[in-house]
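Novice: Got a sequence here, can you build the structure:
(one chain, ligands or ions: 1)
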Amino acid sequence: MILYTCAGSRGLRVSWAAEELGISLDLRMLPFPPRAFAREFLEVNPLGTVPALVDGDVMMTESSAILQYLVAKAAPTPLAIAPDEADFGAYLDYLHYADATITFPQTVYLRFAIFEKERGLQEAGEAYGDWFGKRLRKLEARLAGRDFLCGGRFTVADIAVGYALYLSTRNGLSHHLTPAISAYLERLMARPGFTQATAREKAAAKAVGIGAAI
Ligand SMILES: N[C@@H](CCC(=O)N[C@@H](CS)C(=O)NCC(=O)O)C(=O)O
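Specialist: Down below sits the predicted model:
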């Protein structure tokens, strides 16, 4: 499987899951944003976004969907929650909450409050940063009495959510993380799968002379 990605991007969800599952990926590191600095990538993914996973004739561009794909291919694996388990609905919910609800507002914040200040939309960007903070309420409640989100074990829902929290530590929004959420993130980042994935991304980017997305 080929993973087109930028170091530190949502592609980290995929390379982290691959480490946890023992799947080897052919990492193709791109400069950020690829739509501007790697225009040939548009032939693989017309959106120009990362990650993009290519597995034979399959091409996927949604990080949470790619996690579902990887665990389905690796089944049975404790990294997924099966339909006959009590937490199956919660598992799907957190997989998608991770990108749609707590990553998306951070990217709007990054765009308007940090990268493209000249547009004069900084106030809107900051409002999306606050929105991210408010959307953590659900996670805070879920973590009460739990080390991991679903099934009493580490799953790819934790990877999906963990990446969103990690992103906040890189873009200046981590003041929204409560003590319980910060402790959860520390637990996730202490996993060898996380450290190996970040190290592998950095080494692969360095090998082709490019830096991190954020
Ligand atoms: N919903 C997609 C979002 C993909 C996405 O927007 N990725 C960002 C990097 S984290 C990107 O490629 N941005 C560059 C751009 O928008 O041109 C996912 O979960 O993978």
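Novice: Please give me every residue in contact with residue 103.
Specialist: 10, 163, 164, 167 (Cβ atoms under 8 Å, 6 or more residues apart in numbering). C-beta: built from backbone N, CA, C; applies to glycine.
Novice: Now do the phi/psi pair for it.
Specialist: Listed backbone geometry of residue 103 is phi -100, psi -40, with angles given as degrees, to the nearest 10.
Novice: Tell me the confidence at it?
Specialist: The pLDDT attached to residue 103 in the predicted structure is 98.
Novice: Show residues contacting stretch 56-73.
Specialist: With contacts defined as Cβ under 8 Å, 6+ apart, stretch 56-73 is touched by 10-11, 13-14, 17-18, 21, 23, 44-45, 47, 49, 51-53, 55, 77, 79-80, 95-96, 98-99, 156, 159-160, 163.
Novice: Return the alpha-carbon coordinates of it using PDB.
Specialist: As requested, the backbone C-alpha atoms of stretch 56-73 are provided in PDB (Å, rounded to 0.1, in the frame of the first residue of the first chain):
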ATOM      1  CA  GLY A  56      -4.100  -1.600  -6.100                       C
ATOM      2  CA  ASP A  57      -7.200   0.000  -7.700                       C
ATOM      3  CA  VAL A  58      -8.400   1.500  -4.400                       C
ATOM      4  CA  MET A  59      -7.700   5.200  -3.700                       C
ATOM      5  CA  MET A  60      -9.000   6.800  -0.500                       C
ATOM      6  CA  THR A  61      -8.700  10.300   0.800                       C
ATOM      7  CA  GLU A  62     -10.500  10.300   4.200                       C
ATOM      8  CA  SER A  63      -8.200   9.500   7.100                       C
ATOM      9  CA  SER A  64     -11.000   8.000   9.300                       C
ATOM     10  CA  ALA A  65     -12.300   5.900   6.400                       C
ATOM     11  CA  ILE A  66      -8.800   4.600   5.800                       C
ATOM     12  CA  LEU A  67      -8.500   3.500   9.400                       C
ATOM     13  CA  GLN A  68     -11.800   1.500   9.000                       C
ATOM     14  CA  TYR A  69     -10.300   0.000   5.800                       C
ATOM     15  CA  LEU A  70      -7.100  -1.000   7.400                       C
ATOM     16  CA  VAL A  71      -8.700  -2.700  10.400                       C
ATOM     17  CA  ALA A  72     -11.200  -4.400   8.100                       C
ATOM     18  CA  LYS A  73      -8.400  -5.800   6.000                       C
END
